[in-house]
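Chemist: please find the sequence and the predicted model below.
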Amino acid sequence: MSIPQSGGSPIEHHEQLAGYLESGCKPQDAWRIGTEHEKFGYCKDTLKPIPYAGDRSVLAVLEGLRDGHGWSPLEEDGNLIGLEKDGANVSLEPGGQLELSGAPLENIHETCDEVNAHLADVKDIADKVGVGFIGLGAAPVWRHEDMPLMPKGRYKLMDAYMQEVGTMGTAMMRRTCTVQVNLDFGSEADMVQKLRVALALQPVATALFANSPFFEGKPNGHKSWRSRIWRDLDPDRTGMLPFVFEDGFGFEAYADYALDVPMYFVHRDGEYIDALGQSFRDFMKGELPALPGEKPLLSDWADHLTTIFPEARIKKFMEMRGADGGPWRRLCALPAFWVGLMYDQSSLDTAWDMVKDWDAETREELRIAASRDAIHAKVRGIGLRDIAREILDIAEAGLKARGRSGGGGMIPDETHFLNTLRESVESGTVPADELLSRYHGDWGGDLSRIYDEYSY
């Protein structure tokens with residue numbers, strides 16, 4: 001979850017809302033890659049989720065990273081709730097999931113080095129305090145009542161609201177993990193093309209990264225239960241955004257959409273003020289019940305944009321949000337997948353040509369089928385395994401065209417980060433399939449085996 005913004009000038013005119021989004025436009029040589037990934041922590045002896053505080057806790061891990069690995073603390077109401085260093089952040093998701101929000105980096109070699117260093121540092125501390133971390137899209141065994149709620153004001157408000165809208169909001173908060181990549185755009189037209197491709201192809205990412213076939217101790221009938229959860233969270237702020245594909249879409253249309261998403265909060269002087277269900281349009285008029293007479297700052301708009309959760313979204317950059325958390329190779333594969341498609345114009349054009357004739361119903365049906373059947377999903381004659389194979393070819397071409405070398409020049413480009421996805425397409429097996437095979441095979445239905453064999 002995002003760290004609250006502060007300051008910024010007052011919003012005097014409606015045009016400032018779209019202008020805020022447009023201010024993220026950058027020349028291509030300034031485009032960067034930011035990877036975020038979440039993971040579940042558990043006590044090694046009990047296999048129960050770690051609490052916020054105590055000898056074996058997420059707090060102990062944060063303190064260890066702070067004291068032993070040079071991270072600076074971020075606090076809220078006297079509680080350590082995050083860390084920052086060199087443009088990166090470590091933060092807490094609502095159920096105690098630990099998230100790395102990586103620094104904006106120039107290439108995927110750097111991104112993967114950052115991920116590997118972070119996982120090594122976390123393991124160093126975790127081993128000392130008797131906890132482990134595992135990358136999955138959904139908690140395989142734990143129930144709602146097993147999961148602590150982290151001491152962040154934002155989460156307390158969200159938790160209450162999630163119980164009033166949809167049916168799976170609190171499950172998303174406490175019992176899911178994702179990996180996502182944040183990318184830049186160069187202009188409004190570039191943003192539009194990238195967001196359309198991103199939304200249309202999120203089902204492919206969901207399928208390739210599907211890694212949550214268990215929930216509450218048994219198979220749940222889906223390869224990505226995390227994706228299934230998001231479909232019944234809150235229709236006002238989730239989904240595939242059909243309006244993005246309409247003529248005339250741009251920053252202004254996205255701002256209008258965001259204005260109509262009900263608010264969660266306003267952040268003032270370190271406190272979260274309850275604005276649940278209230279209207280940012282009223283805020284613009286100085287008529288927000290939570291702060292009567294006050295008008296918003298640009299930081300309030302920035303905060304509000306973080307409370308919108310479609311499959312891909314824009315702020316001052318674009319976020320790809322369709323993938324389950326998973327093993328370390330896939331933490332590096334996700335940015336490779338999207339950078340290959342998005343950061344080379346020829347590849348972006350080719351990807352758009354593939355999906356531009358899909359209608360809203362097709363895109364939504366692909367989303368649903370991907371969560372259930374992963375790359376074996378078929379919708380209206382479209383097979384996701386075939387689409388994934390073609391998309392990986394396009395992404396590989398884009399990465400080759402970028403030509404960003406690594407390993408001191410020994411590695412000519414970034415294409416090898418796609419290898420794990422190629423293996424899935426050729427074998428027809430994604431992480432969820434492997435987990436199900438183990439569960440029905442040598443594990444004999446014993447899900448406790450997952451922790452020892454799949455932890456970082």
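Modeler: Thanks, I have the structure now.

Chemist: looks like Met240 contacts Glu365 (just checking).
Modeler: No. With contact defined as Cβ atoms under 8 Å, Met240 does not count as touching Glu365 (10.2 Å). For glycine as for every other residue, the C-beta is placed from the backbone atoms N, C-alpha and C.

Chemist: which phi and psi does the residue nearest to Met263 when sequence neighbours are not counted have?
Modeler: Leaving aside its sequence neighbours, Met263 sits nearest to Ala275 (Cβ to Cβ, 6 or more residues apart in numbering; 4.3 Å). Here is the backbone geometry of Ala275 (degrees, to the nearest 10): phi -130, psi 30.

Chemist: and if you look at Ser23?
Modeler: phi -70, psi -10.

Chemist: distance check, it against Asp256.
Modeler: 18 Å (Cβ to Cβ, to the nearest Å).

Chemist: do Leu208 as well
Modeler: 33 Å.

Chemist: the two - which one has more neighbours?
Modeler: The residue with more neighbours, out of Leu208 and Asp256, is Leu208; 30 against 14, by other Cβ atoms under 10 Å.

Chemist: contacts only, for that one.
Modeler: Shown in contact with Leu208 (Cβ atoms under 8 Å, 6 or more residues apart in numbering): Ala323, Phe337, Ala374, Ile375, Ala388, Leu421, Ser424, Val425, Val430.

Chemist: the same query, at a cut-off of 10 Å, please.
Modeler: 322-324, 326, 330, 333-334, 337, 370, 374-375, 384-385, 388, 391-392, 420-421, 424-425, 430-431 (Cβ atoms under 10 Å, 6 or more residues apart in numbering).

Chemist: so of those, which ones are in strands?
Modeler: If you go by DSSP state E, the contacts of Leu208 have Gly322, Ala323, Asp324 in strands.

Chemist: per-residue pLDDT of the residue sitting furthest away from the middle of the chain, please?
Modeler: Using Cα atoms, centre = their mean, the residue of the chain lying farthest from its centre is Gly293. It sits 35.3 Å away. pLDDT for Gly293: 96.

Chemist: that one reaches Gly286, doesn't it?
Modeler: Yes. Here Gly293 reaches Gly286: they are 5.5 Å apart, a contact under Cβ atoms under 10 Å.

Chemist: from what I can see Gly78 touches Ala53, true?
Modeler: No. With contacts counted by Cβ under 10 Å, Gly78 stays clear of Ala53, the gap being 11.8 Å.

Chemist: overlap in contacts of the two?
Modeler: Joint contacts of Gly78 and Ala53 (Cβ under 10 Å, 6+ apart) are Pro151.

Chemist: which of these two has more neighbours?
Modeler: Ala53 (13 against 7).

Chemist: show me what contacts the more buried one?
Modeler: Leu59, Ala60, Asn79, Leu80, Pro148, Pro151 are the contacts of Ala53 under Cβ under 10 Å, 6+ apart.

Chemist: what about 8 Å?
Modeler: Per Cβ under 8 Å, 6+ apart, neighbours of Ala53: Leu59.

Chemist: and it, helix, strand or coil?
Modeler: coil (DSSP: H, G, I helix; E, B strand; the rest coil).

Chemist: returning to that earlier point: of the ones in strands among the contacts of Leu208, which is the nearest to Glu216?
Modeler: Using Cβ to Cβ, Asp324 is the member of those that sits closest to Glu216, with 17.0 Å.

Chemist: excluding chain neighbours, what is closest to that closest one?
Modeler: Gly137 (2.8 Å).

Chemist: neighbours of that neighbour, how many?
Modeler: Gly137 has 34 nearby residues by other Cβ under 10 Å.

Chemist: just the pLDDT at it, thanks.
Modeler: Gly137 is given a pLDDT of 98.

Chemist: I'd like the distance between Ala60 and Gly41.
Modeler: For Ala60, the distance to Gly41 - Cβ to Cβ - is 10 Å.

Chemist: list residues touching both of the two?
Modeler: With Cβ under 8 Å, 6+ apart, Ala60 and Gly41 have common neighbours Val131.

Chemist: residue boundaries of the strands in the stretch 201-350 of the chain?
Modeler: 214-215, 218-219, 238-239, 265-268, 271-274, 309-310, 312-314, 318-324 (DSSP state E, counting those that start in this stretch).

Chemist: need the contact partners of the first one.
Modeler: This means strand 214-215. Here strand 214-215 has contacts from Ala138, Ala139, Pro140, Val141, Arg175, Asn220, Trp225, Leu435, Tyr439, Leu447, Ile450, using Cβ under 8 Å, 6+ apart.

Chemist: contacting residues around the second one?
Modeler: Contact analysis of Ala139 by Cβ under 8 Å, 6+ apart lists Phe40, Pro49, Gly95, Met147, Arg174, Arg175, Thr176, Phe215.

Chemist: now those residues as TSV including distance to Lys85?
Modeler: As requested, the contacts of Ala139 are exported to TSV (distance: Cβ to Cβ, whole Å):
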residue	distance to Lys85
Phe40	23
Pro49	26
Gly95	24
Met147	28
Arg174	27
Arg175	28
Thr176	26
Phe215	34
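
Chemist: all good on my end, thank you.
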